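Colleague: Let's see this in three dimensions:
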Amino acid sequence: MVIAVVILLLVISSLLFHFLSPWWFTPIASNWTAIDQTINITFWVTGTVFVAVNLFLAYVVYRYRYNKNRKAEYDPENRKLEGWLTVLTSIGIIAMLTPGLFVWADFVDVPADASEVEVVGQQWHWSFRLPGDDGQLGRTAIALINQNNPFGIDPDDPHGQDDVLINSNVLHLPIERPIKVLLRSKDVLHNFTVPQFRVKMDLVPGTQTYLWFTPTLLGRYEILCLELCGIAHYTMRGHVVVESEDDYQIWLNQQPTFKQSLARISRDITAGQQSYTACIACHGVNGEGNKVIGAPVLAGQESDYLNRQLHYFRNNIRGGSDDDIYGRQMLPFAAMLADDAAVANISLYLHSLPAVTVTQSTERRGNVSVGRNIYKNCAVCHGQSAQGHYAQKAPKLAGQYTGYLKRQLKNYQQGIRGKHPQDMYGPQMILMSKLLQDDHAIDDVLAYIATLQPVQ
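Modeller: Model (predicted):
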């Protein structure tokens with residue numbers, strides 16, 4: 001009797017939780033209402049079976065409960081019951097699968113007038129590529145990927161010269177225009193999804209997959225990776241901004257093409273050298289930094305990383321916290337760089353400087369052997385020799401003052417750095433820094449990094 005009551009209560013509480021729960025689908029923002037309908041049909045079919053089976057179970061438990069004056073009858077075969085179960089089960093499966101087959105047929109049938117957007121996944125960030133005026137994306141190849149060509153576009157393909165490159169985790173799309181999303185991975189298996197669009201698809205290394213949708217609601221929506229792709233998987237997030245056609249065109253016209261990005265690389269390094277004169281007092285004539293005042297080494301650092309950090313300082317994404325004393329000192333100096341060209345020039349100039357050998361603290365605080373094991377997690381992004389990795393957006397660590405590195409790790413751990421919503425890679429570093437559970441672990445990993453030689 002008690003078991004029958006418990007089963008009955010389980011059914012009632014499950015139904016109440018389903019219908020009264022505040023956790024439900026996000027409001028749909030695309031044309032894929034059919035996917036919601038298919039899921040709802042699945043809920044109704046499985047829910048009906050759940051209720052029927054458990055109510056029948058509760059009835060059987062109650063009706064045929066133990067009675068010492070009654071003898072059980074053994075009936076191993078019941079063709080009539082098995083026949084009904086087979087028919088009803090088949091109807092349920094057909095009811096669940098049939099709508100999905102029709103939806104899938106639409107899902108793989110992309111409208112002829114759909115605009116193409118390429119989404120590139122990589123541990124652990126998103127980037128995007130759009131066709132230029134010719135309406136075609138250029139050829140790509142993994143072998144062509146380098147610091148100056150992170151998308152691996154074939155420079156000999158004329159269709160690739162006007163490709164629009166979005167080396168950021170924010171993609172803008174026009175409302176009410178069909179979009180075909182081409183999916184490509186540089187490294188491991190990822191999965192692209194925007195919950196409000198009700199679409200998701202794996203990014204498979206070595207091949208190209210796709211999906212399509214039509215945005216129907218203005219707004220900003222989060223891109224997620226729903227495939228466990230590594231230690232910083234949860235930070236692999238981006239955003240889709242759905243806006244009017246006019247606003248979309250304004251944004252699109254501000255984005256660089258592949259040809260323009262190549263030209264930008266060859267900007268006047270001499271101009272960057274002239275801009276750097278204002279930085280010499282702290283960072284040294286040769287970008288060697290200053291351990292006494294906490295100024296980091298800049299010589300030979302990745303230009304892309306320097307460019308990003310200077311933009312962060314100029315826009316208060318970094319250095320805005322009152323607790324970031326050194327970061328706040330950088331704000332007025334970064335503001336002296338008049339525009340993006342000035343930032344790019346000084347970044348390229350610093351990258352062109354030869355790597356320097358710095359004098360670390362003579363006090364040995366950490367255990368190198370322990371630090372070597374800890375650093376294995378860091379090497380995924382920063383490289384086995386801490387040489388940095390342009391594709392991972394990870395700066396060079398070898399040859400940097402350990403005091404500066406420790407300060408940055410503490411800033412990440414305390415939320416002083418990396419918490420600004422526009423800091424694309426800050427959340428990843430906050431996660432990684434917290435793997436270092438105490439100052440001993442920090443000192444150990446920095447002791448190991450100090451043994452590595454900088455590479456130009």
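Colleague: Report how many residues lie close to the closest residue to residue 268 other than its chain neighbours.
Modeller: The shortest distance from residue 268 to any non-neighbouring residue, by CB to CB, 6 or more residues apart in numbering, is to residue 345 (6.1 Å). All C-beta atoms are positioned from the backbone trio N, CA, C, and that covers glycine. A total of 25 residues lie near residue 345 under the criterion other CB atoms under 10 Å.
Colleague: all strands for this structure, in order.
Modeller: 115-122, 125-130, 164-166, 170-174, 179-185, 190-194, 199-203, 209-213, 219-225, 237-243 (DSSP state E).
Colleague: Pipe the ones you listed into TSV and attach mean pLDDT and distance to residue 395 per row.
Modeller: Shown next, in TSV, are these (pLDDT from 0 to 100; distance: least, CB to CB, whole Å):
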stretch	mean pLDDT	distance to residue 395
strand 115-122	92	17
strand 125-130	91	15
strand 164-166	90	21
strand 170-174	94	22
strand 179-185	94	23
strand 190-194	95	23
strand 199-203	93	26
strand 209-213	94	32
strand 219-225	93	23
strand 237-243	92	21
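Colleague: right, so of those strands, which gets closest to residue 49?
Modeller: strand 199-203 (26.1 Å; CB to CB).
Colleague: Dump that closest one to PDB, keeping only the CA atoms.
Modeller: The C-alpha atoms that make up strand 199-203 are tabulated as PDB, following Å, rounded to 0.1, in the frame of the first residue of the first chain:
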ATOM      1  CA  VAL A 199      19.900  24.900 -33.800                       C
ATOM      2  CA  LYS A 200      23.100  23.100 -33.000                       C
ATOM      3  CA  MET A 201      25.700  21.200 -34.900                       C
ATOM      4  CA  ASP A 202      29.100  19.700 -34.400                       C
ATOM      5  CA  LEU A 203      32.300  21.200 -35.800                       C
END
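Colleague: show me where pLDDT drops low in this structure?
Modeller: By pLDDT under 70, the low-scoring segments of the chain are 264-267, 359-364, 391, 455-456.
Colleague: Kindly report the domain assignment for it.
Modeller: As assigned by automatic domain parsing, the chain contains the domains 2-66+78-107, 115-262, 267-449.
Colleague: Quick one, which of the strands of the chain gets closest to residue 276.
Modeller: Closest among the strands of the chain, using CB to CB: strand 164-166, at 26.9 Å.
Colleague: which residues are contacting the closest one?
Modeller: Contact with strand 164-166 is made by 127-132, 151, 252, 255-258, 261, as judged by CB atoms under 8 Å, 6 or more residues apart in numbering.
Colleague: And the buried ones among these, selectable in PyMOL?
Modeller: Buried members of those, defined by 16 or more other CB atoms under 10 Å, are picked up in PyMOL with:
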select buried, resi 127+128+129+130+131+132+151+255+256+257+258+261
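Colleague: tell me which of the contacts of strand 164-166 is nearest to residue 336?
Modeller: Of the contacts of strand 164-166, the one sitting nearest to residue 336 (CB to CB) turns out to be residue 256, at 23.7 Å.
Colleague: Arrange the domains of the chain in TSV, one row each, with distance to residue 72 as further columns.
Modeller: Listed next are the domains of the chain as TSV, based on distance: least, CB to CB, whole Å:
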stretch	distance to residue 72
domain 2-66+78-107	8
domain 115-262	49
domain 267-449	59
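Colleague: Can you get me a residue count around the residue nearest to residue 310 when sequence neighbours are not counted?
Modeller: The shortest distance from residue 310 to any non-neighbouring residue, by CB to CB, 6+ apart, is to residue 343 (4.8 Å). When neighbours are counted by other CB under 10 Å, residue 343 registers 22.
Colleague: Likewise for the one 10 residues further on?
Modeller: The local packing of residue 353 (other CB under 10 Å) involves 20 other residues.
Colleague: Next: residue 65.
Modeller: 11.
Colleague: and if you look at residue 381?
Modeller: 23.
Colleague: does it really touch residue 392, like I thought?
Modeller: Yes: here residue 381 reaches residue 392: they are 4.4 Å apart, a contact under CB atoms under 8 Å.
Colleague: what touches both of the two?
Modeller: Taking CB under 8 Å, 6+ apart as the criterion, residue 381 and residue 392 both touch residue 123.
Colleague: Need the nearest residue in space to residue 226, chain neighbours excluded.
Modeller: Residue 226 sits nearest to residue 191 (CB to CB, 6+ apart), 4.2 Å away.
Colleague: Now do the one you found against residue 117, distance only.
Modeller: Distance of residue 191 to residue 117, computed by CB to CB, to the nearest Å: 17 Å.
Colleague: how close does the nearest residue to residue 311 once chain neighbours are set aside get to residue 307?
Modeller: Closest residue to residue 311 apart from its sequence neighbours, by CB to CB, 6+ apart: residue 343 at 6.3 Å. Applying CB to CB, the value for residue 343 to residue 307 is 6 Å.
Colleague: Convert the C-alpha atoms of stretch 27-42 to PDB, please.
Modeller: Output in PDB follows, covering the C-alpha atoms of stretch 27-42 (Å, rounded to 0.1, in the frame of the first residue of the first chain):
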ATOM      1  CA  PRO A  27      11.900  32.600 -26.100                       C
ATOM      2  CA  ILE A  28      12.500  31.500 -29.700                       C
ATOM      3  CA  ALA A  29      14.200  34.000 -31.900                       C
ATOM      4  CA  SER A  30      14.400  32.200 -35.200                       C
ATOM      5  CA  ASN A  31      12.100  30.400 -37.700                       C
ATOM      6  CA  TRP A  32      12.500  27.000 -36.100                       C
ATOM      7  CA  THR A  33       9.200  26.800 -34.200                       C
ATOM      8  CA  ALA A  34       8.900  23.300 -35.700                       C
ATOM      9  CA  ILE A  35      11.800  22.100 -33.500                       C
ATOM     10  CA  ASP A  36       9.900  23.300 -30.400                       C
ATOM     11  CA  GLN A  37       6.700  21.500 -31.700                       C
ATOM     12  CA  THR A  38       8.700  18.300 -32.200                       C
ATOM     13  CA  ILE A  39      10.100  18.400 -28.700                       C
ATOM     14  CA  ASN A  40       6.700  19.100 -27.300                       C
ATOM     15  CA  ILE A  41       5.300  16.100 -29.100                       C
ATOM     16  CA  THR A  42       8.100  14.000 -27.600                       C
END
